[in-house]
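Novice: from the sequence below, what's the structure:
(2 chains)
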Amino acid sequence: MTLDTSSPEATTPPSPAPPAPAPPTPTPPVPTPPQSGTDPTGATPPPRPKGLVLALTLAIIVSVIPVILLPVAGMWLAVTSFTQTQQVISAIEAEQPADTGTDGAAGAALPVELPLDVEIPGPAYVAVTSGFAETDEWVALAEGGVNGFEYENSSTGCYVWYTNGSVGTDVDVANGDRAASIALIESALGATVDLNLVEHGTMSAIDGAAFGTVDAVEADFEGEGFAATAVARTFAGIGEGVVFYVECADEAQRADAVATARDLLYITLVPAGEGLE
Amino acid sequence: MQEPVIDIAAVLVPMLTVWAVLAVYAIAAYVLSAVFLSKIFAKTGAAAWPAWVPVYNSWRMLELGGQPGWLALLVLVPVGNIVAAVFLVIAAYRIGLGFGKSGAWAVLYFFVPLVWGALVAYGNTAPWRPTSATASGV
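Specialist: Purely as a prediction, here's the structure:
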């Protein structure tokens, strides 16, 4: 018999009992080698809980989703958005000049070289850029209004008048630009123009940084103490026109004044609904 | 007419991917946390079903951690959800103590609550013994 010191009975006070035989020689318990997976103290470790590995694996996988996948997807979205935005900006910048008609390349949609009967794509109006106001030699008599602009040369006394806009119903635009331009002179000056005296004239055109030539008609008027020239151009297709009239005391001064007018007045075709900058 | 310059698909695909990832994560996190919490609730002797009820599962967890359950309602309030999160971490700390875990497990809960849930729910823990500050909640 071995004494199990771990048993509760070992601590229980012995009850009176008949005399025992000779006390046995205590024999130490035979140590058994610890088996793998068992505690050296002899306590059996608790079994591995069921489902722990699976639960832990799933928990780790799901926890990793926002840490790894979301930043990757977010970066992908950010890069794509940035790329697309850049493409849109580039496209807008590339299209803007042709659409606005307000800067140097804007006139690409409308021609700057304007021969007679030139085909003008889309509705447009005629704008005139004048340099008369910037010259000291020419004094403004009237600026704007229904009757246009008037300037007088302070040294020569030459007179310049010009106007632009819709030609209205007074000008017949059915017979092309040349006939309409002659009709514009007649309408503007209230005079009849001898067709035999009508010559080919020119005006200057500008569209941003581009310069061009506007073909026009030119009629000279001469009388007692004056020599005058009217240069007009009607764009029959859009019903718009421009005319300038120069009057001087003699032909020489008139020629100089006409040349000055050609240098200082610039015609621009502007798409309808837009303005000049 | 000009070609459209925006590639709709190039924008939509990553956007939908982000949302898909979020949706998958939300569903998976909800299911796993519900499973783990129900197991934890059952370990404490409480009813397991509240673990599947949004907000109420936080309510029960707060009560288990000795906190007033109504604090869970703060998750519905902007900024208040941060307050609720702080109290949930405190509750997780006390629940860990109740299961014989050290206070460091609250850090685990703070960073990876699902892993905390898996270990407490399915790992070896001491029998549930509410700490002095912890109500049994059952």
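Novice: so who does the nearest residue to residue A:195 once chain neighbours are set aside touch?
Specialist: Once flanking residues are discounted, residue A:195 sits nearest to residue A:182: 7.0 Å by C-beta to C-beta, 6 or more residues apart in numbering or on different chains. Where C-beta positions appear, they are placed from N, C-alpha and C, glycine not excepted. Contacts for residue A:182 (C-beta atoms under 8 Å, 6 or more residues apart in numbering or on different chains) come out as A:193, A:195, A:198, A:217, A:219, A:232.
Novice: which pLDDT value goes with residue A:182?
Specialist: On pLDDT, residue A:182 comes in at 91.
Novice: hmm, back to that, top of the contacts of residue A:182 by neighbour count?
Specialist: The member of the contacts of residue A:182 surrounded by the most neighbours (other C-beta atoms under 10 Å in any protein chain shown) is residue A:232, with 31 neighbours in all.
Novice: list the contacts for that residue?
Specialist: By C-beta under 8 Å, 6+ apart, the neighbours of residue A:232 are A:181, A:182, A:184, A:185, A:188, A:216, A:217, A:241, A:242, A:243, A:244.
Novice: helix, strand, or coil at the last one?
Specialist: Spelled out, that is residue A:244. strand (DSSP: H, G, I helix; E, B strand; the rest coil).
Novice: does anything pack onto the least confident helix or strand in chain B by mean pLDDT? Which helices or strands?
Specialist: Across the helices and strands of chain B, the lowest-confidence element by mean pLDDT, DSSP states H and E is helix B:8-43, at a mean of 89. When contacts are defined as 3 or more C-beta pairs under 8 Å, 6 or more residues apart in numbering or on different chains; DSSP states H and E, helix B:8-43 sits against helix A:52-64, helix A:70-100, helix B:56-64, helix B:113-122.
Novice: neighbours around residue 82, how many?
Specialist: I went with chain A, as the question did not name one. Around residue A:82 there are 10 residues (other C-beta under 10 Å).
Novice: I was after chain B.
Specialist: Neighbours of residue B:82 (other C-beta under 10 Å): 11.
Novice: now the one 10 residues further on
Specialist: Counted with other C-beta under 10 Å, residues neighbouring residue B:92 total 26.
Novice: give me the next element, helix or strand, following the helix or strand containing it.
Specialist: Using DSSP states H and E, residue B:92 sits within helix B:80-98. Next along the chain after helix B:80-98, taking DSSP H and E as the criterion, comes helix B:105-111.
Novice: most neighbours among the contacts of residue A:232, which one?
Specialist: Ranking the contacts of residue A:232 using other C-beta under 10 Å puts residue A:181 first, with 32 neighbours.
Novice: looking at the helices and strands packed on helix B:8-43, which is closest to residue B:13?
Specialist: helix A:70-100 (7.9 Å; C-beta to C-beta).
Novice: sorry, back to before: among the contacts of residue A:232, which ones are in helices?
Specialist: A:181, A:182, A:184, A:185, A:188 (DSSP state H).
Novice: nearest to chain B among these?
Specialist: residue A:181 (35.9 Å; C-beta to the nearest C-beta).
Novice: quick check: that closest one touching residue A:214?
Specialist: No: using C-beta atoms under 8 Å, residue A:181 is not in contact with residue A:214; the gap is 10.3 Å.
Novice: any common contacting residues for these two?
Specialist: residue A:233.
Novice: quick check: residues of chain A near chain B?
Specialist: Residues of chain A lying close to chain B by C-beta under 8 Å from any C-beta of the partner chain are A:46, A:49-52, A:55-56, A:58-60, A:62-63, A:65-66, A:69-70, A:73-74, A:76-77, A:80-81, A:83-84, A:87-88, A:91, A:95.
Novice: the same query, at a cut-off of 7 Å, please.
Specialist: A:46, A:49, A:51-52, A:55-56, A:58-60, A:62-63, A:65-66, A:69-70, A:73-74, A:76-77, A:80-81, A:84, A:87-88, A:91 (C-beta under 7 Å from any C-beta of the partner chain).
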